[in-house]
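Chemist: Next comes the sequence, and after it the predicted model I'd like to discuss.
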Amino acid sequence: MPRTWSGATSPAARPPLQVAARQALLLLLLGVALAAVRWAAWPPRLPLAADPTVYELELSATLVEVDQARRHFDEGLHLFIDTREHGTGSPETIPGALSLRPDTFDDDLLALLDIITPEDRLVLYGDGNLAVANNIAARLVQRGYQNVALLKGGLAAWRASGGPVSPRPDATATEAP
């Protein structure tokens, strides 16, 4: 053991590699602890769902509140468009609603050319996910339909407000024995 100037012996010095390894381990543990505290203390900045109340969405059509859409329905001056895929979601729809699905949009629109015109007032709705209805609205706007609106909250909000519903034509066809 090495001696100090006072004559006392000091503990043996550790090898430099062992000291460096211990310091690296200590820094690693400190970094992990700080990261865990930061992760636990701060909530995520953005929600996982596209909610227009949290941040502004770039929509191709205006949003219509349910009570306003119900007034449109009662007036009979607007056509309602169901944007949900057949066989998905609720087996109900708004009475008289037409169907435009994202995967078969061109075929569906072609089938409806005798029913809807670019001058018609359209209210699009789905299962509450604005992305799908907005996609269809954008495609309609590209084809010259200018009076397009999106139902805020979709069919669930419509049903919750007491709006009338009827069975979907495709739902009754698949349920028949």
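Modeler: Looks like it came in fine.
Chemist: The chain: strands as residue ranges?
Modeler: Applying DSSP state E to the chain gives strands spanning 62-64, 78-82, 92-93, 98-99, 121-125, 148-151, 166-167.
Chemist: which one of these is the most hemmed in?
Modeler: strand 148-151 (a mean of 25; mean count of other C-beta atoms under 10 Å). C-betas here are computed from N, CA, C, even on glycine.
Chemist: Compare the strands of the chain and report which one is nearest to Pro16.
Modeler: Across the strands of the chain, Pro16 has its closest neighbour in strand 62-64 (66.9 Å, C-beta to C-beta).
Chemist: if we compare the strands of the chain, which one ends up closest to Ala13?
Modeler: Nearest to Ala13 among these is strand 62-64; the distance by C-beta to C-beta comes to 72.6 Å.
Chemist: mind putting the strands of the chain in JSON lines, distance to Ala160 and mean pLDDT included?
Modeler: Formatted as JSON lines, the strands of the chain follow (distance: least, C-beta to C-beta, whole Å; pLDDT from 0 to 100):
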{"stretch": "strand 62-64", "distance to Ala160": "15", "mean pLDDT": "91"}
{"stretch": "strand 78-82", "distance to Ala160": "16", "mean pLDDT": "94"}
{"stretch": "strand 92-93", "distance to Ala160": "13", "mean pLDDT": "90"}
{"stretch": "strand 98-99", "distance to Ala160": "22", "mean pLDDT": "92"}
{"stretch": "strand 121-125", "distance to Ala160": "13", "mean pLDDT": "95"}
{"stretch": "strand 148-151", "distance to Ala160": "12", "mean pLDDT": "95"}
{"stretch": "strand 166-167", "distance to Ala160": "17", "mean pLDDT": "90"}
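Chemist: Distance to Arg14 added to those strands, as CSV?
Modeler: Below are the strands of the chain laid out as CSV (distance: least, C-beta to C-beta, whole Å):
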stretch, distance to Arg14
strand 62-64, 68
strand 78-82, 74
strand 92-93, 75
strand 98-99, 77
strand 121-125, 72
strand 148-151, 69
strand 166-167, 80
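Chemist: any idea how far Ala32 lies from Val123?
Modeler: In this structure residue 32 is Val, not Ala. From Val32 across to Val123, the span is 53 Å (C-beta to C-beta, to the nearest Å).
Chemist: ok, now Asn129?
Modeler: Counting by C-beta to C-beta, the gap from Asn129 to Val123 is 16 Å.
Chemist: roughly how far out does the longest helix that the chain contains sit from the chain middle?
Modeler: Counting residues, the longest helix found in the chain (DSSP state H) is helix 16-41. Centre-to-centre, helix 16-41 and its host chain are 38 Å apart (C-alpha atoms, centre = their mean, to the nearest Å).
Chemist: swap in stretch 80-89?
Modeler: 16 Å.
Chemist: Just the C-alpha atoms of that stretch, please, in PDB.
Modeler: Output of stretch 80-89 as PDB, limited to C-alpha atoms (Å, rounded to 0.1, in the frame of the first residue of the first chain):
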ATOM      1  CA  PHE A  80     -77.400  12.500 -46.900                       C
ATOM      2  CA  ILE A  81     -74.400  10.400 -48.000                       C
ATOM      3  CA  ASP A  82     -73.300   7.400 -45.900                       C
ATOM      4  CA  THR A  83     -69.500   6.900 -46.400                       C
ATOM      5  CA  ARG A  84     -69.100   3.700 -44.500                       C
ATOM      6  CA  GLU A  85     -68.100   0.500 -46.100                       C
ATOM      7  CA  HIS A  86     -70.900  -2.100 -46.500                       C
ATOM      8  CA  GLY A  87     -71.000  -4.600 -43.700                       C
ATOM      9  CA  THR A  88     -69.000  -2.400 -41.300                       C
ATOM     10  CA  GLY A  89     -70.200  -0.400 -38.400                       C
END
